[in-house]
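Visitor: Have a look at this prediction, sequence included:
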Amino acid sequence: MSIAESLNPDLEGGVLDAGTVPSGGEVASAYTGAAWRLTMRSFFDNRLGLVGLVLLVLLLLFSFIGPFVYHSDTLVANYSINLPPGPGHPLGTDGNGRDILGRLMLGGQASLIIGIASAIVTTIIGTLWGAIAGFFGGAVDTVMMRIVDVLLAIPTIFILLYLQTIYHPTVTLLIATISSVSWLTAARLVRGETLTLRAREFVRAVKVMGGSRWRIVYRHIIPNTVGVVVVQATFTVANAILILATLGFLGFGLEPPAADWGSMLSGGVNYIYDGYWWLIYPAGLLIVLTVLAFNFIGDALRDALEVRLQRR
């Protein structure tokens, strides 16, 4: 079956009746829909991608729905300290007498919100920066990408620790801090994709029709980088959660009684030689599972988009 036949079932024997000829917009719409159906089918055929998706759903339910099912004092020390897992406290209590399971749910909310929000901010900044630099080229591209190169040359941990030292740690500040060092990679990827797209026929056609440069960037270039952007965004969430965990482990996370998994892991390490495993392993396991979930989803999306592009 030809491409035309697949897009229009009224085509018989390779001859299209004049009354059934689809318009250019209809053909483009049908092709786009078919391409994305192929992408989704390829994604759901990827077992690791499905595992990542299931893990993510479970983590979201645990963090945001769990507190409505499991009630405990997560901010106030109302229990004995370092109680082992048992009735009333499935994962025991911490060194301040707070319920571990409830704290993990609270920490999950902060970790996922900060990770996802950082990925959104990173994607917006990186996409705009890379698309503008790649499309305009010349001096604009040179200046913008040299700024990226200089920032990439500075060790990330130094920037993070400096910002966290001079400012009071809050969810908003952590999102801004993590985004400030994460958008650089996205910018380079989008810029590379833009350099390819700007030489395509549809971009030339828009120029001939009188379309402005800015219109081409936000109406044609950016939408066509969505594949690279979506995949990079999933990896950015995983990276943001790891950065947050690192800051929390170093003591620069959210201030108590607020919780994040990195800070909980850092507090548990103090008891590593006392046999209080419930202070260490649950938080560490949740960090690992969350990062794996987003990495699996990112890998599956990348493979699915490559399949879609190979069929074009």
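Guide: Ah, there it is.

Visitor: pLDDT score for residue 17?
Guide: Looking at residue 17, its pLDDT is 46.

Visitor: Repeat that for the one 4 residues further on.
Guide: You'll see residue 21 listed with a pLDDT of 43.

Visitor: same check, this time on residue 146
Guide: 92.

Visitor: Could you report the separation of it from residue 152?
Guide: Taking Cβ to Cβ, to the nearest Å as the measure, residue 146 falls 11 Å from residue 152. Glycine gets a C-beta too; all of them are placed from N, C-alpha and C.

Visitor: Check residue 303 too.
Guide: 27 Å.

Visitor: And these two? Which one has more around it.
Guide: It is residue 303, of residue 303 and residue 152, that has more neighbours when counted by other Cβ atoms under 10 Å, with 18 against 14.

Visitor: Report the rounded mean pLDDT for the helix or strand that one falls within.
Guide: Assigned by DSSP states H and E, residue 303 belongs to helix 281-310. For helix 281-310, mean pLDDT rounds to 82.

Visitor: buried set for that helix?
Guide: 282-284, 286-287, 290-305, 307-308 (16 or more other Cβ atoms under 10 Å).

Visitor: now for it, which elements pack on it?
Guide: Contacts defined by 3 or more Cβ pairs under 8 Å, 6 or more residues apart in numbering; DSSP states H and E place helix 281-310 against helix 24-44, helix 47-60, helix 100-136, helix 226-249, helix 261-269.

Visitor: sec struct for the residue nearest to residue 252 when sequence neighbours are not counted, please.
Guide: In space, not counting the residues next to it along the chain, residue 252 is nearest to residue 164; the distance is 4.0 Å by Cβ to Cβ, 6 or more residues apart in numbering. Here residue 164 is helix, with the state taken from DSSP: H, G, I helix; E, B strand; the rest coil.

Visitor: Who are the contact partners of residue 164?
Guide: By Cβ atoms under 8 Å, 6 or more residues apart in numbering, the residues touching residue 164 are 173, 177, 247, 252.

Visitor: Show only the entries of those residues found in helices.
Guide: Taking DSSP state H as the definition of helices, these contribute 173, 177, 247.

Visitor: Can you tell me which of those residues lies closest to residue 111?
Guide: Of all those, residue 111 sits closest to residue 247, with 11.2 Å by Cβ to Cβ.

Visitor: Got the domain ranges for the protein?
Guide: Residue ranges for the domains of the chain, per automatic domain parsing: 1-45, 49-310.

Visitor: tell me the most buried of those domains?
Guide: Counting by mean count of other Cβ atoms under 10 Å, domain 49-310 has the highest mean neighbour count of the domains of the chain, with a mean of 18.

Visitor: Please tell me how far that one is from the chain's geometric centre.
Guide: Offset of domain 49-310 from its chain centre (Cα atoms, centre = their mean, to the nearest Å): 6 Å.

Visitor: Number the chain from 52, please
Guide: Sure thing, new numbering starts at 52, so read that last one as domain 100-361.

Visitor: would residue 124 count as being in a strand?
Guide: No - counting by three-state DSSP, one finds residue 124 to be coil, located in no strand.

Visitor: per-residue pLDDT, it?
Guide: If you check residue 124, the pLDDT there is 70.

Visitor: Ok, the one 5 residues further on next?
Guide: Reported pLDDT at residue 129 in the predicted model: 63.

Visitor: Understood, closing this out.
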